[in-house]
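> take this sequence and fold it.
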Amino acid sequence: MDCTQPGPARTELLLRAVEALLIVGKHSAVADYQGELERAPSSPWRDYVLGYQLLLAGDTDRATALLRAALGALERGEPAPAGAPADLRARIAAQLGVLGVVLLSYPQMLEYGTAAVAAGSDDAAVRGLAWVARTLGMTLAGDGAKAVALLADAGEPDSASGLEGLAARGIIRLWTDDLAAAERDLLDLFRRCARGEALRTSQAVGFLAEVEYRRGRLSEAVRFADLAVDNARDNDRYWDYPVLHALAVFPHAARAEWDQANYHARESEAMAELIAAPAFLAYAAGATATIAQARGDAERFLAAAERIEAAYDSREPGTHLLGPARADALVRLGRVDEAAESLAKFLAGPAARGRKSARMAASRVAAEIASARGDHVRATRECERGRGLALEIGLPLEVARVELTAARCLLARDDRRLAERALRAAHQGFLAIDAIAYAQLAEGLAAEWDMRLDDVLAGLAPRERQIAILVGKGRTTPQIARELGISGKTVEAQRRTAYHKLNVRSAADLRRLLDSANPSLA
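Okay, here's the model as predicted:
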């Protein structure tokens, strides 16, 4: 292109080259051409390409104006310039749909995503973006089930949504609490990306890290999260930075890897402020909130929660596990009436559609509020509900966090024996998944309350400990295999090793050992 003289031929070549680089995420490679794009004659094609570039540069206002002007010109019958792609209408609508995702505008996602799908395109990348905008818009507006149904054939050879649709379906399943299916989709996409099939590797891997985090596989979550950030960096995907760095914070913070967690939070914050789009600001605030939560810093947690609320109003609360974050922080600060008011708004708003993860988080906070008000019966009931939901979804970190809440509630009603049992259960749950930050919170409470956290499982490896605890709770091998996402043979092998280390011969022996040293584990 640099050898082509100025004129229509060079402009056509410029538009084709810049769009191709933008599609594969090489935004830095086209920065030098922005001035030439600005000077090129205005047309639907030029406005589309320039709008696309400005979108990835974070100038969402100008990008929106240019893309809407381009689409409006086509709708008025203005002809596209010679050489423009035949599916220009679909390309413009797809980018407007993507803008809706970034701006958290569900009507815009649905309107333009649907329009892009209807316009049609022979380009798999364009079709994929159209379907992503349409289905994510549906999900964030509260209709994830319909979105998953529309993506039933995603990733298949003749699928209209293609691999982008497979990524969208995996993310939607993550948000709607179907963790096993989400893992299947995103692992499939990850493997296919490794063979060079897909373009957007980093986002898929980042959300796969979140799946592993939610399932309590923190080492795998760290591996995938760091890989996603590295992939984005290697491919100049600056647009992915706010989300991917935020996702990397989750497992690092849970494992008390504070240097890494703080680094990723700073990077997410810096890029979110640079782009200043609501979705990115929400993710960056969520990263800060996650660190504050893992450190037990209620003041910082409250500040981050208020930033999340200012940027984020999704009707699909499963998009994160912070749930009623503001209410959670307020009750920990002793501002009980404010917490109750904030929780009521959450239950009437994001949680109204019954998402299990949202109800789980709400029950844990409701238990804290009830306990602070002296309603110990309700506090116990809410803890039981929250624990049951966390087990049903398969969220081991959240199960242990509910146990920690139960310990506080039981101590508040002066039942030290049961409070100590619950605290031990929480501590063991955290250690079983290597959630060191939360284990340290439990240890701090044990010291404050003068309680013991004897650990008869100290000699076991993390997976052996996890299996031993579940055996002690009466789980069968198939149940453990499903809960941990491993094979029955692996469960049996780890179980035999644990028995040998503990000098027991049966599940009954193990339960007696656990009950004698720590009744809450049996």
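
> number of nearby residues for E483?
For E483, the count of nearby residues is 18 (other CB atoms under 10 Å). In short, each C-beta sits where N, CA and C put it, glycine included.

> buried residues in the helix or strand encompassing it?
Using DSSP states H and E, E483 falls within helix 477-484. For helix 477-484, the neighbour count (16 or more other CB atoms under 10 Å) marks 477, 480-481, 483-484 as buried.

> other SSEs contacting the next helix or strand after it?
Downstream of helix 477-484, the next assigned helix or strand under DSSP H and E is helix 488-502. With contacts defined as 3 or more CB pairs under 8 Å, 6 or more residues apart in numbering; DSSP states H and E, helix 488-502 has these neighbours: helix 462-472, helix 477-484, helix 507-517.

> what are the contacting residues of the second one?
This points to helix 477-484. 394, 463, 466-467, 470-471, 475, 487-488, 490-492, 495 (CB atoms under 8 Å, 6 or more residues apart in numbering).

> reformat these as JSON lines; add neighbour count and pLDDT.
Putting those into JSON lines (neighbours: other CB atoms under 10 Å; pLDDT from 0 to 100) gives the following:
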{"residue": "G394", "neighbour count": "19", "pLDDT": "95"}
{"residue": "R463", "neighbour count": "20", "pLDDT": "89"}
{"residue": "Q466", "neighbour count": "27", "pLDDT": "88"}
{"residue": "I467", "neighbour count": "28", "pLDDT": "91"}
{"residue": "L470", "neighbour count": "21", "pLDDT": "90"}
{"residue": "V471", "neighbour count": "24", "pLDDT": "90"}
{"residue": "R475", "neighbour count": "18", "pLDDT": "89"}
{"residue": "S487", "neighbour count": "11", "pLDDT": "92"}
{"residue": "G488", "neighbour count": "13", "pLDDT": "92"}
{"residue": "T490", "neighbour count": "15", "pLDDT": "94"}
{"residue": "V491", "neighbour count": "25", "pLDDT": "93"}
{"residue": "E492", "neighbour count": "14", "pLDDT": "94"}
{"residue": "R495", "neighbour count": "19", "pLDDT": "93"}
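
> follow-up on the earlier one: which of the buried residues of helix 477-484 sits closest to A352?
Nearest to A352 among those, counting by CB to CB, is E483 at 29.1 Å.

> so which of the helices and strands packed on helix 488-502 is nearest S42?
Nearest to S42 among the helices and strands packed on helix 488-502 is helix 477-484 (58.1 Å), distances taken as CB to CB.

> now do that closest one: distance to the chain's middle.
Distance of helix 477-484 from the chain centroid (CA atoms, centre = their mean, to the nearest Å) equals 24 Å.

> low-confidence stretches in the stretch 251-400 of the chain?
In the prediction, the stretch 251-400 of the chain carries no residues with pLDDT under 70.

> now the helices for it?
258-275, 278-295, 298-311, 325-332, 336-348, 356-372, 376-393, 396-412 (DSSP state H, counting those that start in this stretch).

> and the ones you listed as CSV, adding mean neighbour count?
Compiled in CSV, the helices of the stretch 251-400 of the chain are given as follows (neighbours: other CB atoms under 10 Å):
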stretch, mean neighbour count
helix 258-275, 19
helix 278-295, 25
helix 298-311, 19
helix 325-332, 26
helix 336-348, 17
helix 356-372, 24
helix 376-393, 19
helix 396-412, 24
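
> biggest separation within the contacts of helix 477-484, which pair?
Top of the distance list for these (CB to CB): G394 and E492, 20.7 Å.

> relative orientation of the helix holding E483 and helix 462-472 in degrees?
Helix 477-484 and helix 462-472 are oriented at 130 degrees to each other (axes from the mean of the first three to the mean of the last three CA atoms, to 10 degrees).

> what about stretch 102-116, average pLDDT?
pLDDT averaged over stretch 102-116 equals 89, rounded to a whole number.

> for that stretch, C-alpha coordinates in PDB please.
Taking Å, rounded to 0.1, in the frame of the first residue of the first chain, the C-alpha atoms of stretch 102-116 are listed here in PDB:
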ATOM      1  CA  VAL A 102     -19.100  -2.100  25.600                       C
ATOM      2  CA  LEU A 103     -21.600   0.600  26.600                       C
ATOM      3  CA  LEU A 104     -23.800  -1.900  28.400                       C
ATOM      4  CA  SER A 105     -26.700  -0.800  26.200                       C
ATOM      5  CA  TYR A 106     -28.900  -3.800  25.900                       C
ATOM      6  CA  PRO A 107     -31.300  -2.200  23.400                       C
ATOM      7  CA  GLN A 108     -28.400  -1.300  21.100                       C
ATOM      8  CA  MET A 109     -26.900  -4.800  21.300                       C
ATOM      9  CA  LEU A 110     -30.200  -6.400  20.400                       C
ATOM     10  CA  GLU A 111     -31.200  -3.900  17.700                       C
ATOM     11  CA  TYR A 112     -28.000  -3.900  15.800                       C
ATOM     12  CA  GLY A 113     -27.000  -7.500  16.500                       C
ATOM     13  CA  THR A 114     -30.400  -8.600  15.200                       C
ATOM     14  CA  ALA A 115     -30.000  -6.200  12.200                       C
ATOM     15  CA  ALA A 116     -26.500  -7.600  11.400                       C
END
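
> any idea of the pLDDT on A119?
Here the pLDDT value assigned to A119 is 93.

> OK, contacts around it?
87, 89-90, 93, 130 are the contacts of A119 under CB under 8 Å, 6+ apart.

> same deal with H264?
By CB under 8 Å, 6+ apart, the residues touching H264 are 225, 229, 245-246, 248-249, 252, 287.

> please apply the same query to E299.
Here E299 is in contact with 329, 333 (CB under 8 Å, 6+ apart).

> my read is that I275 contacts G58, right?
Yes: with contact defined as CB atoms under 8 Å, I275 counts as touching G58 (3.5 Å).

> how much space separates A366 from D415?
Using CB to CB, to the nearest Å, A366 is found at 19 Å from D415.

> now the closest residue to A145 other than its chain neighbours: phi and psi?
Leaving out its chain neighbours, the residue that sits closest to A145 by CB to CB, 6 or more residues apart in numbering is T176, at 7.3 Å. Note on T176: backbone dihedrals following degrees, to the nearest 10 are phi -100, psi 20.

> ok, T176 - how many residues close by?
21.

> cool, and A40?
21.

> circling back to that earlier point, can I get the helices and strands packed on helix 488-502 in JSON lines including distance to C383?
Putting the helices and strands packed on helix 488-502 into JSON lines (distance: least, CB to CB, whole Å) gives the following:
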{"stretch": "helix 462-472", "distance to C383": "19"}
{"stretch": "helix 477-484", "distance to C383": "20"}
{"stretch": "helix 507-517", "distance to C383": "21"}
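
> of all these, which one is nearest L186?
For L186, the closest of these is helix 477-484, at 17.9 Å, according to CB to CB.

> quick check: mean pLDDT across that closest one?
Taken as a whole, helix 477-484 carries a mean pLDDT of 90.

> closest one to A435 among the helices and strands packed on helix 488-502?
Of those, nearest to A435 by CB to CB is helix 462-472, at 10.3 Å.

> export only the CA atoms of that closest one, formatted as CSV.
Provided in CSV are the C-alpha atoms of helix 462-472 (Å, rounded to 0.1, in the frame of the first residue of the first chain):
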residue,chain,number,x,y,z
PRO,A,462,-4.7,-30.3,48.0
ARG,A,463,-6.6,-32.7,45.8
GLU,A,464,-6.3,-35.5,48.4
ARG,A,465,-7.6,-33.2,51.1
GLN,A,466,-10.5,-32.2,48.9
ILE,A,467,-11.5,-35.8,48.3
ALA,A,468,-11.0,-36.8,51.9
ILE,A,469,-13.4,-34.0,53.1
LEU,A,470,-16.0,-35.1,50.6
VAL,A,471,-15.7,-38.7,51.6
GLY,A,472,-16.1,-37.6,55.2
